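Student: sharing a sequence plus its predicted fold:
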Amino acid sequence: MRIIKLDETSRKDILNNLLKRSPNNYDKFADSVNSILTNVKENGDKALFDYTKQFDKADMNADTIKVTQDEILEAYERLENPELVEIIRKSLKNIWEYHEKQKQYSWFDSKPDGSILGQKVTALSRVGVYVPGGKAAYPSSVLMNVVPAKVAGVEEIVMVTPPGKDGKVNPNTLVAAKEAGVDVIYKVGGAQAIAALAYGTESIKKVDKIVGPGNIYVALAKKAVFGYVSIDSVAGPSEILVIADETANPRYVAADLLSQAEHDELASAILITTSRKLAQEVSEYVDMFVAKLKRKEIIQKSLDNYGYILVAETMNEVIDAANDIASEHLEIITQNPFDVMTKIKNAGAIFLGENSSEPLGDYFAGPNHVLPTNGTAKFFSPLSVDDFIKKSSIISFSREALKPLSQDIQNFAKAEGLSAHANSIRVRFEESDENVQ
């Protein structure tokens, strides 16, 4: 793994290189995606079935597109590892308990003058969850996307996922969906599934929001339908950044870096350290692990393209670089990780100490693993209960509460040239309309 001295030039070059992975840079696929969206919008189910035959080699119709209860029960029997059910249930409990603490409630504040101000919190009515299919089936992502919606109180959760050639859905995905409480599952994937959720078809009703990971076509489709529906984010490839000093275990650090590099060739794995000795040792362990791991071809390409070990002079330089990169996952493996953590401004999820490795967050700890990528942790947050609620402001004034404010409101409205606004207040305190302007 390449070792580079951290300075202004290297930091700028790395940031530019990482940003190349953003879905915003894949406009060459936009025409294809827009064509699919338009076709589904205009032709509904027919377009869905045609695309499913074309891309997934599966024959679907109005009678088979919806997963049945028998198919869900069969999925439990098809599991390669029956112990996965109990593992999912344990993980589900941790995720639920964490997200329960995020719940918000309506509130009202009344004053003696008769004014009442407040906020009404309402869960979204219908949410669509996209789940990749085939080899990229991640039951953990089902849990992470569904649980906060359930905690928020969403009335109906709809899942879409592509079928295999046999018309069946990955059993791990179905079991996770059943355990998490998904209401209905449809066998459709790709940009066409996003279109169905956004616009509605004969078989699939329109939703209010779409969440969940997918390939570049799914990401661009979500970006294109934003406005018809809400979306969680336009997610980019996975990434990890490790901050470490001379006290870190190089074997642990190397293993953690590779846990993200194996996702795909665009994944990013970066170590920033003040110890050149650690940098060299981590590089050696990385080479050793890569040679033995099953996904070594993907890992190696990821490291060649977006893997770095950066050596800095001071911990302040390390922290500044980490805040600039704003990584999806940030591990801090230093003598005092909590002290370093207080200086971190930008990160999706922060893992403190050598035993808090990134996969702990992916599967079991409880916090959501749907995180901002490509530097968007500077202004975005992890998926949460907040993503599945909306807030309405409540305003109620008595005549006595409104009267002392009436002239100020009228003057404010007139200053903006909005005389009808002013008149709306005026009529409540003046009987004559002679002075309407």
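Tutor: Nice, I can see it. Numbers count the residues shown, from 1 in each chain.
Student: please count neighbours and contacts with C-alpha atoms only from this point.
Tutor: OK.
Student: quick one: contacts of the helix or strand bottoming out on mean pLDDT in the chain?
Tutor: Within the chain, no helix or strand scores below helix 8-19, which has a mean of 89 by mean pLDDT, DSSP states H and E. Under the contact criterion C-alpha atoms under 8 Å, 6 or more residues apart in numbering, helix 8-19 has outside partners 4, 268, 306, 321, 324, 325, 374, 375.
Student: mind checking how far the most centrally placed residue in the chain is from residue 95?
Tutor: Centroid-nearest residue in the chain, with C-alpha atoms, centre = their mean: residue 370, separated by 3.9 Å. The spacing between residue 370 and residue 95, counted by C-alpha to C-alpha, to the nearest Å, is 12 Å.
Student: pLDDT at the closest residue to residue 313 other than its chain neighbours, what is it?
Tutor: Among residues not flanking residue 313 along the chain, residue 274 sits closest, at 5.8 Å (C-alpha to C-alpha, 6 or more residues apart in numbering). Residue 274 is assigned 97 on the pLDDT scale.
Student: still on that earlier bit, in strands only, show me the contacts of helix 8-19.
Tutor: In strands, defined here by DSSP state E, the members of the contacts of helix 8-19 are 4, 268.
Student: let me have the contacts of helix 8-19 in a markdown table, extended by neighbour count and distance to residue 403.
Tutor: Below are the contacts of helix 8-19 laid out as a markdown table (neighbours: other C-alpha atoms under 10 Å; distance: C-alpha to C-alpha, whole Å):
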| residue | neighbour count | distance to residue 403 |
| --- | --- | --- |
| 4 | 16 | 68 |
| 268 | 30 | 61 |
| 306 | 20 | 64 |
| 321 | 21 | 55 |
| 324 | 17 | 51 |
| 325 | 25 | 53 |
| 374 | 24 | 52 |
| 375 | 22 | 49 |
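Student: low-confidence regions, this structure specifically.
Tutor: Along the chain, segments meeting pLDDT under 70 span 24-25, 134-136.
Student: one step back: correct me, but the residue nearest to the centre of the chain touches residue 383?
Tutor: Yes. Counting by C-alpha atoms under 8 Å, residue 383 is a contact partner of residue 370 at 5.5 Å.
Student: report the set of residues contacting both of these two.
Tutor: With C-alpha under 8 Å, 6+ apart as the test, residue 370 and residue 383 both reach residue 145.
Student: give me the three-state assignment for the residue nearest to the centre of the chain.
Tutor: Following DSSP: H, G, I helix; E, B strand; the rest coil, residue 370 is assigned to coil.
Student: next, the contact list for it, please.
Tutor: 141, 144, 145, 382, 383.
Student: look up how far residue 188 lies from the second one.
Tutor: Computed as C-alpha to C-alpha, the residue 144 to residue 188 distance reads 20 Å.
Student: please say which of those two ends up with more neighbours.
Tutor: A direct count of neighbours by other C-alpha atoms under 10 Å for residue 144 and residue 188 places residue 188 higher, at 31 against 26.
Student: separation between the more buried one and residue 211?
Tutor: Distance, residue 188 to residue 211, using C-alpha to C-alpha: 15 Å.
Student: please apply the same query to residue 401.
Tutor: Distance from residue 401 to residue 211, by C-alpha to C-alpha: 43 Å.
Student: comparing these two, which residue is more hemmed in?
Tutor: Neighbours were counted for residue 401 and for residue 211 using other C-alpha under 10 Å; residue 211 has more, 24 against 16.
Student: surely the more buried one meets residue 141?
Tutor: No. Residue 211 is beyond contact range of residue 141, at 10.4 Å (criterion: C-alpha under 8 Å).
Student: run the chain-centre distance for the least confident helix or strand of the chain.
Tutor: The chain centre lies 24 Å from the centre of helix 8-19; the measure is C-alpha atoms, centre = their mean, to the nearest Å.
Student: before we move on, what about stretch 39-59?
Tutor: That offset, for stretch 39-59, works out to 26 Å (C-alpha atoms, centre = their mean).
Student: give me the residues contacting that stretch.
Tutor: Against stretch 39-59 from outside (C-alpha under 8 Å, 6+ apart): 60-62, 162-167, 188-189, 192-193, 195-196, 199-203.
Student: in that stretch, which residues are buried?
Tutor: 39-41, 44-52, 56, 58-59 (16 or more other C-alpha atoms under 10 Å).
Student: only alpha carbons, please: show it as CSV.
Tutor: Extracted in CSV, the C-alpha atoms of stretch 39-59 (Å, rounded to 0.1, in the frame of the first residue of the first chain):
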residue,chain,number,x,y,z
ASN,A,39,-41.0,4.7,-19.9
VAL,A,40,-42.1,3.5,-16.5
LYS,A,41,-43.9,6.8,-15.8
GLU,A,42,-45.8,6.5,-19.1
ASN,A,43,-46.3,2.8,-19.4
GLY,A,44,-46.4,1.5,-15.8
ASP,A,45,-46.3,-2.2,-15.2
LYS,A,46,-45.6,-3.1,-18.9
ALA,A,47,-42.3,-1.2,-18.7
LEU,A,48,-41.5,-2.8,-15.4
PHE,A,49,-42.0,-6.3,-16.7
ASP,A,50,-40.1,-5.6,-19.9
TYR,A,51,-37.1,-4.2,-18.0
THR,A,52,-37.1,-7.1,-15.5
LYS,A,53,-37.0,-9.5,-18.4
GLN,A,54,-34.2,-7.5,-20.1
PHE,A,55,-32.0,-6.9,-17.1
ASP,A,56,-32.7,-9.7,-14.7
LYS,A,57,-33.8,-12.4,-17.2
ALA,A,58,-36.9,-13.1,-15.1
ASP,A,59,-40.5,-13.2,-16.4
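Student: mind jotting down where the helices sit in the stretch 1-150 of the chain?
Tutor: 8-19, 30-43, 45-56, 69-78, 84-100, 139-152 (DSSP state H, counting those that start in this stretch).
Student: what's the closest of those to residue 240?
Tutor: helix 8-19 (11.8 Å; C-alpha to C-alpha).
Student: what residues sit buried inside that closest one?
Tutor: The neighbour-count check on helix 8-19 (16+ other C-alpha under 10 Å) flags 11, 15, 18, 19 as buried.
Student: how near is the first one to residue 326?
Tutor: Put plainly, it is residue 11. In terms of C-alpha to C-alpha, residue 11 sits 13 Å off from residue 326.
Student: can you map out the strands along the stretch 201-350 of the chain?
Tutor: Remark: strands assigned in the stretch 201-350 of the chain by DSSP state E, counting those that start in this stretch are 209-211, 230-231, 239-244, 268-273, 307-311, 329-333, 349-352.
Student: run through who's touching the second one.
Tutor: The set of residues external to strand 230-231 that reach it, using C-alpha under 8 Å, 6+ apart, is 208, 209, 210, 211, 222, 223.
Student: if we use 10 Å, what do you get?
Tutor: In this structure, residues lying in contact with strand 230-231 by C-alpha atoms under 10 Å, 6 or more residues apart in numbering are 127-128, 198, 207-212, 222-223, 225, 387-388.
Student: possible to save the residues you listed as TSV with distance to residue 335?
Tutor: Below are the contacts of strand 230-231 laid out as TSV (distance: C-alpha to C-alpha, whole Å):
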residue	distance to residue 335
127	44
128	43
198	49
207	48
208	46
209	43
210	41
211	38
212	36
222	42
223	42
225	47
387	36
388	39
